[in-house]
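Trainee: need a structure here:
(one chain, ligands or ions: 2)
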Amino acid sequence: MNNTIKLAVHGAAGRMGQRVVALASGADSVEDASGFTVVGAIDHANHSKIGQDAGVVAGGSPIDVPISPQWPSTAEVVIDFSLPEALDACVAQCVAQKCPLVIATTGLSEAQKESLAEAARSIPIVWAPSMSLAVNLSMRMAEQITRALRDVAGGVDIEILERHHRFKADAPSGTALKFGELIADAMDADEPVQHVHGREGHTGQRTRNEIGYHAIRVGDNPGEHTIVFGMLGERIELNVAASNRDCYASGALAAAKWLMQGEAGGPKPAGMYNMFDVLGMADSQ
Ligand SMILES: NC(=O)C1=CN([C@@H]2O[C@H](COP(=O)(O)OP(=O)(O)OC[C@H]3O[C@@H](n4cnc5c(N)ncnc54)[C@H](OP(=O)(O)O)[C@@H]3O)[C@@H](O)[C@H]2O)C=CC1
Ligand SMILES: O=C(O)C1=N[C@H](C(=O)O)C[C@H](O)C1
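Mentor: Ligands and ions are numbered 1, 2, ... in the order given. This next block holds a predicted model:
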């Protein structure tokens, strides 16, 4: 009997979708990727790869699953790496099929975030801007550093630099925004933290309660974040960089597996989860 997890990938012909298909279908031996059968490789109807075998599109052997706009009825869990404008239909489909969902797409609108919260009332969703273990661990470290430096004499200036490939559509990265959100909470400032995106012109002196963001787009960089904690006389730089996209793909597969491991033997209960939950870091602030 085949008791592997039946997986559908949304955005399957894209850079990330291809790596998820490749790992989940065993092209490389990665522990988090074992135990899946890819049953659906979904992309939009006008994609040039429609009809081609998803395993071959991903650079491996055929897996008998074509890239298709059709949703398979057999999927037990869905991983989405697509575009914000493609996400609403994906969420609606998962709700209709009562299918657990991992959402990795970034650049979502506030309205989309609200509808995700609504969807999470009926299905379990893992939603995170970075599926990488190293990034999520670095987020926890950034919170700790922020708290440790909160009352340092002279103050600390926190700036977030992110570097990504030239094809990336959103800026700053979802990960940079998440770092900023967590750091702002950890600053526990008396006044609201200002999120300042780039600087140009006569900006005046930097205020104490701001976080700066700088988005660099260069070549094929698969993702790098540097959090600078600048003090008077010294600084800390927390740098986390991907060498390739498999840290995100294997993290998404770990999340899909985690969603399928509810206490009652079925999937997790409906709710909104993140990678801290998946990685057992929810309480390690
Ligand atoms: N959370 C995480 O760990 C990570 C998140 N990401 C995020 O994942 C997303 C995808 O990244 P990446 O793979 O590099 O992007 P790509 O553009 O390479 O892939 C997106 C895929 O979705 C397709 N698509 C477009 N419209 C639809 C639709 N209506 N239905 C289904 N598929 C559609 C695209 O087709 P077409 O090319 O024709 O537009 C493409 O094949 C981004 O938001 C990125 O920021 C990326 C890496 C890690
Ligand atoms: O588009 C990408 O490539 C990435 N996007 C995510 C983000 O916006 O944070 C995660 C990762 O950095 C790669």
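
Trainee: drop to CA atoms for contacts and neighbour counts, all remaining ones
Mentor: Noted.

Trainee: what does the stretch 51-200 of the chain put close to ligand 2?
Mentor: Residues of the stretch 51-200 of the chain that fall close to ligand 2, judged by CA under 6 Å from any ligand atom: Thr106, Pro129, Ser130, Lys168, Ser173, Gly174, Thr175.

Trainee: name the nearest residue to the fourth one, ignoring sequence neighbours.
Mentor: Using CA to CA, 6 or more residues apart in numbering and skipping residues adjacent in sequence, the residue nearest Lys168 is Arg217, 7.7 Å away.

Trainee: show me what that neighbour is bridged to.
Mentor: His164 (DSSP bridges).

Trainee: what is the neighbour count of the spatially closest residue to Pro267 that is not a sequence neighbour?
Mentor: In space, and not counting its chain neighbours, Pro267 is closest to Met260: 4.1 Å by CA to CA, 6+ apart. Using other CA atoms under 10 Å, Met260 has 19 neighbouring residues.

Trainee: ok, now how distant is the closest residue to ligand 1 within the stretch 151-285 of the chain from Ala184?
Mentor: The stretch 151-285 of the chain approaches ligand 1 most closely through Tyr248 (4.4 Å), counting by CA to the nearest ligand atom. For Tyr248, the distance to Ala184 equals 25 Å [CA to CA, to the nearest Å].

Trainee: and for Lys257?
Mentor: 31 Å.

Trainee: what's the answer for Phe229, then?
Mentor: Distance, Phe229 to Ala184, using CA to CA: 13 Å.

Trainee: and what of Asp190?
Mentor: Applying CA to CA to Asp190 and Ala184 gives a distance of 11 Å.

Trainee: between those two, who's got more neighbours?
Mentor: Between Asp190 and Ala184, Ala184 has the larger neighbour count (other CA under 10 Å), namely 21 against 7.

Trainee: backbone dihedrals for the more buried one, both of them.
Mentor: Backbone torsions of Ala184, given as degrees, to the nearest 10, read phi -60, psi -40.

Trainee: switch to numbering from 46
Mentor: Will do, 46 is the new start, and the previous item becomes Ala229.

Trainee: hang on, isn't it packed against Glu236?
Mentor: No. With contact defined as CA atoms under 8 Å, Ala229 does not count as touching Glu236 (10.7 Å).

Trainee: the strands in this protein, which residues?
Mentor: Counting by DSSP state E, the chain has strands at residues 50-55, 81-87, 112-113, 122-125, 146-148, 169-172, 202-209, 239-242, 255-262, 269-275, 280-286, 316-318.

Trainee: using CSV, lay out the ones you listed together with mean pLDDT and mean neighbour count.
Mentor: Output for these, formatted as CSV (pLDDT from 0 to 100; neighbours: other CA atoms under 10 Å):
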stretch, mean pLDDT, mean neighbour count
strand 50-55, 98, 25
strand 81-87, 97, 25
strand 112-113, 98, 26
strand 122-125, 98, 27
strand 146-148, 98, 27
strand 169-172, 98, 26
strand 202-209, 98, 22
strand 239-242, 98, 14
strand 255-262, 98, 18
strand 269-275, 98, 20
strand 280-286, 98, 16
strand 316-318, 98, 18
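
Trainee: can those go into TSV with extra columns for distance to ligand 1?
Mentor: Below are those laid out as TSV (distance: least, CA to the nearest ligand atom, whole Å):
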stretch	distance to ligand 1
strand 50-55	6
strand 81-87	6
strand 112-113	9
strand 122-125	8
strand 146-148	7
strand 169-172	8
strand 202-209	10
strand 239-242	18
strand 255-262	13
strand 269-275	11
strand 280-286	12
strand 316-318	13
